[in-house]
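1. Here is my input; please provide its structure:
(one chain, ligands or ions: 1)
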Amino acid sequence: SLKSKTAVVTGSTSGIGLAYARAMAAQGANVMINGFGAADAVEAERAKIEADFGVRCAYSPADMTKPDEIAAMVALAEQTFGSVDVLINNAGIQHVDPVENFPLEKWDQIIAINLSSAFHAIRAALPGMKARKWGRIISTASAHSLVASPFKSAYVTAKHGLVGLTKTVALEAAAFGVTANCISPGYVWTPLVENQIPDTMKARGLSRDEVINNVLLAAQPTKQFVTVDQVAAIAVFLCSDAASQITGANLSVDGGWTAA
Ligand code: NAD
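-> The predicted structure follows:
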């Protein structure tokens, strides 16, 4: 149980991050959610976490491209709830273009959000974790932390980097009861993915099943999507005593993608 502990989850207004936040709350943790979205929709998710799980939930609008806002988010969580015990670095974006055409501002933005934000959040949260002799740092990497795909240079670079950062932090924190690990999903069924299907059907003249199997799941041997709850369940496990000796690891949940 994570009762009386606090979890900060970046990029948790939708998709995998929201599932992490709800899974942490289900374990009894107070939660700070973060990310973009319409104010009323974010407030509805925040209030629903409190109502569903009987914990406290606060929202930070910190922009993960801004180091000072990231530090302020961690400080706000410590002020509001008394500690940050679980940090889940999850905010991420994608851009697809050949490397020679890759927009410079997209490169910088993806490195900032998908990689550097984790450094800044860890830097802010680790001192408290070390002082309390307990902490869990979890970062959402990707199958693209292990293998590449063409046209995703910034994303693949950032996700590989996240694994290196995690290993380094794991070594520095190991003697303090603090673990640092990555979770690396393959294709996860999120509204973002689901909403692309009708357009792809039209653009390629394919059926729904053909889009799912021949386009989206071409890399995934199970031919099934990972669910957000399956990803969140790994984070819950990493927070348990059973996982206290797992550190510096990169756990795949990718339907066999990276076995190939
Ligand atoms: P999503 O688009 O549903 O969620 C991304 C979240 O990040 C949102 O809450 C968004 O508001 C937030 N965000 C974006 N830019 C931000 C910024 N500058 N500051 C603060 N928050 C910001 O995407 P998702 O599919 O849930 O992805 C979450 C993580 O999982 C990402 O790191 C992504 O790379 C990773 N991932 C996703 C998949 C997949 O198939 N969906 C697979 C592997 C890894």
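2. going forward, measure contacts between C-alpha atoms and count neighbours the same way
-> Fine.
3. Contacts only, for Ser116.
-> Residues in contact with Ser116, defined by CA atoms under 8 Å, 6 or more residues apart in numbering, are Thr65.
4. any low-confidence regions in the stretch 1-150 of the chain?
-> Within the stretch 1-150 of the chain, no range satisfies pLDDT under 70.
5. Rounded mean pLDDT for the longest helix seen in the chain, please.
-> The longest helix of the chain (DSSP state H) is helix 153-173. For helix 153-173, mean pLDDT rounds to 98.
6. and the helix or strand following that helix, what does it pack onto?
-> Toward the C-terminal end, the helix or strand that comes next after helix 153-173 (DSSP states H and E) is strand 178-185. On a contact count with 3 or more CA pairs under 8 Å, 6 or more residues apart in numbering; DSSP states H and E, strand 178-185 meets strand 135-140, helix 153-173, helix 228-238, strand 250-253.
7. For the stretch 51-200 of the chain, what lies in contact range of the ligand?
-> For the stretch 51-200 of the chain, the residues in contact with the ligand (CA under 6 Å from any ligand atom) are 62-65, 90-93, 113, 140-142, 185-188, 190, 192.
8. repeat that with 5 Å
-> 63-64, 90-92, 142, 185-188 (CA under 5 Å from any ligand atom).
9. Among the residues you listed, name the buried ones.
-> 63-64, 90-92, 142, 185-188 (16 or more other CA atoms under 10 Å).
10. give me the number of residues near the closest residue to Leu251 other than its chain neighbours?
-> Nearest residue to Leu251 in three dimensions, chain neighbours excluded: Ile183, at 4.8 Å (CA to CA, 6 or more residues apart in numbering). Around Ile183 sit 25 other residues, with neighbours defined as other CA atoms under 10 Å.
11. Tell me how far His160 lies from Thr140.
-> His160 is 11 Å from Thr140, where distance means CA to CA, to the nearest Å.
12. higher neighbour count, those two?
-> More neighbours surround Thr140 than the other of His160 and Thr140, with 26 against 20 (other CA under 10 Å).
13. right, and that one touches Gly186 too?
-> No - taking contacts as CA atoms under 8 Å, Thr140 lies outside contact range of Gly186: 10.9 Å.
14. which parts of the helix or strand harbouring Met129 are buried?
-> Element membership for Met129, per DSSP H and E: helix 117-132. Across helix 117-132, burial judged by 16+ other CA under 10 Å covers 117-122, 124-126, 128-130.
15. Any chance of these in JSON lines with distance to Ala39 as columns?
-> Shown next, in JSON lines, are the buried residues of helix 117-132 (distance: CA to CA, whole Å):
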{"residue": "Ser117", "distance to Ala39": "23"}
{"residue": "Ala118", "distance to Ala39": "24"}
{"residue": "Phe119", "distance to Ala39": "27"}
{"residue": "His120", "distance to Ala39": "25"}
{"residue": "Ala121", "distance to Ala39": "23"}
{"residue": "Ile122", "distance to Ala39": "27"}
{"residue": "Ala124", "distance to Ala39": "26"}
{"residue": "Ala125", "distance to Ala39": "26"}
{"residue": "Leu126", "distance to Ala39": "30"}
{"residue": "Gly128", "distance to Ala39": "30"}
{"residue": "Met129", "distance to Ala39": "31"}
{"residue": "Lys130", "distance to Ala39": "35"}
